[in-house]
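**Q** please work out how this folds:
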Amino acid sequence: MTMTSTLVDALTAYALKTAEEWRKGWEEFREKLREEYGDKADDELVFYVCYSSVYIGVRPWPRLKLERFRSIMTLENALKIYREREYGEDVLKSTVKGLAKIVDLGKRDALANAIGFLVREAEARDGRLRRYITEVRDALDLQHRLSRIPGIGDKNAPIRVRDFVFCGLVKVDLRLIDIPAAPPTMRVLKRTGLIDNVEDTGQACNVVRREFNIVPMIADCGLWKIGNEWCEMRTARRGECMAYSCPIFHICPKEPIP
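**A** The predicted model follows:
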């Protein structure tokens, strides 16, 4: 067995473990929303997952702030504001930005634009926003739809396709989707020697499809988590690593990133 195959096996095992943890987390969150909102839970799920995408990449993840925001700005409340003739979308966006300021959420313009878009789509479907997700043909169609939402775009759409599959809202073939090639993922691929250039997203997508015997977006779960939690850019530039608890520390060649 070569070093590369041993390394890929270790990455695969960790990816599968991480993917299962994330899947359970999303299922539990969906169940929590069912307890809160009943038959409107999936509409609220789509609303929250999509507008919270504005904060993908923000560290630390503003979980408590988003929870406070979500408790007030539900889809139902947003639709009430939007449907008032004297209010409409402009007042809805102002309300969103005001509430975001109160709970200390940043990126308020982007958040307001995302919610404005989602409420328009919900209104076009009699308030059933989940149809924006469930009426798709396949994973690529869902990826395209999600990419239209402010705050998601082409970069984050594959992530949200995976999340909606994990929570059980849709059943589409994730094999059609390439990895989003986020910086943490690219960092791990370069440090392990699987790619030559941390900027070459095309090579990254090809390598993941060629070397891993699992769905690319599942492989991405482990790659991203390792890159986010252990693989630091500061030490990567020097070819060093002190992340002794990293699941691939014992086998990673720790290639430097120029």
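
**Q** tell me who's in contact with G106.
**A** 58, 100 (Cβ atoms under 8 Å, 6 or more residues apart in numbering). All C-beta atoms are positioned from the backbone trio N, CA, C, and that covers glycine.

**Q** please report the distance of it from W26.
**A** G106 is 25 Å from W26, where distance means Cβ to Cβ, to the nearest Å.

**Q** give me the number of residues near the nearest residue to R70 once chain neighbours are set aside?
**A** Nearest residue to R70, sequence neighbours excluded (Cβ to Cβ, 6 or more residues apart in numbering): Y48, at 5.6 Å. Look at Y48: counted by other Cβ atoms under 10 Å, it has 20 neighbours.

**Q** again, but for N113
**A** Counted with other Cβ under 10 Å, residues neighbouring N113 total 18.

**Q** ok, G239 - contacts?
**A** Applying Cβ under 8 Å, 6+ apart to G239 gives the contacts 254-256.

**Q** could you do L129 as well?
**A** Here L129 is in contact with 43, 46-47, 75, 118, 121-122 (Cβ under 8 Å, 6+ apart).

**Q** identify each buried residue in the host helix or strand of G116, please.
**A** Secondary structure from DSSP states H and E places G116 in helix 108-123. Of all the residues in helix 108-123, those buried under the rule 16 or more other Cβ atoms under 10 Å are 108, 110-119, 121-122.

**Q** between these, which is nearest E240?
**A** Nearest to E240, judged by Cβ to Cβ, of these is A110 at 36.1 Å.

**Q** the residue nearest to the closest one when sequence neighbours are not counted: neighbour count?
**A** Distance criterion Cβ to Cβ, 6+ apart; nearest residue to A110, sequence neighbours excluded, is V54 at 4.8 Å. By other Cβ under 10 Å, the residues close to V54 number 26.

**Q** quickly note the distance from the residue nearest the centre of the chain to V46.
**A** The residue lying closest to the centre of the chain (Cα atoms, centre = their mean) is I159, at 3.8 Å. From I159 across to V46, the span is 15 Å (Cβ to Cβ).

**Q** repeat that for K80.
**A** Distance from K80 to V46, counting by Cβ to Cβ: 18 Å.

**Q** between the two, which is the more surrounded one?
**A** Neighbour count, other Cβ under 10 Å: between K80 and V46, V46 has more, with 25 against 12.

**Q** quick revisit: ok, the residue nearest to the centre of the chain - contacts?
**A** Counted by Cβ under 8 Å, 6+ apart, I159 has contacts 53, 56, 180.

**Q** now the helix or strand hosting it: buried residues?
**A** According to DSSP H and E, I159 maps onto helix 153-166. Buried residues in helix 153-166, counted by 16+ other Cβ under 10 Å: 156-166.

**Q** so for stretch 105-118, mean pLDDT?
**A** Stretch 105-118 shows a mean pLDDT of 97.

**Q** do stretch 228-243 as well
**A** Here the average pLDDT along stretch 228-243 is 82.

**Q** in it, what counts as buried?
**A** Residues of stretch 228-243 classed as buried under the neighbour-count rule (16+ other Cβ under 10 Å) are 228, 230-231, 235-236, 241, 243.

**Q** now do stretch 202-209
**A** Under the neighbour-count criterion of 16+ other Cβ under 10 Å, stretch 202-209 has 203-205, 207-208 buried.

**Q** generate a markdown table for the residues you listed, with pLDDT and distance to D39 as supplementary columns.
**A** As requested, those are arranged in a markdown table below (pLDDT from 0 to 100; distance: Cβ to Cβ, whole Å):
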| residue | pLDDT | distance to D39 |
| --- | --- | --- |
| Q203 | 96 | 46 |
| A204 | 97 | 41 |
| C205 | 97 | 39 |
| V207 | 96 | 44 |
| V208 | 97 | 39 |
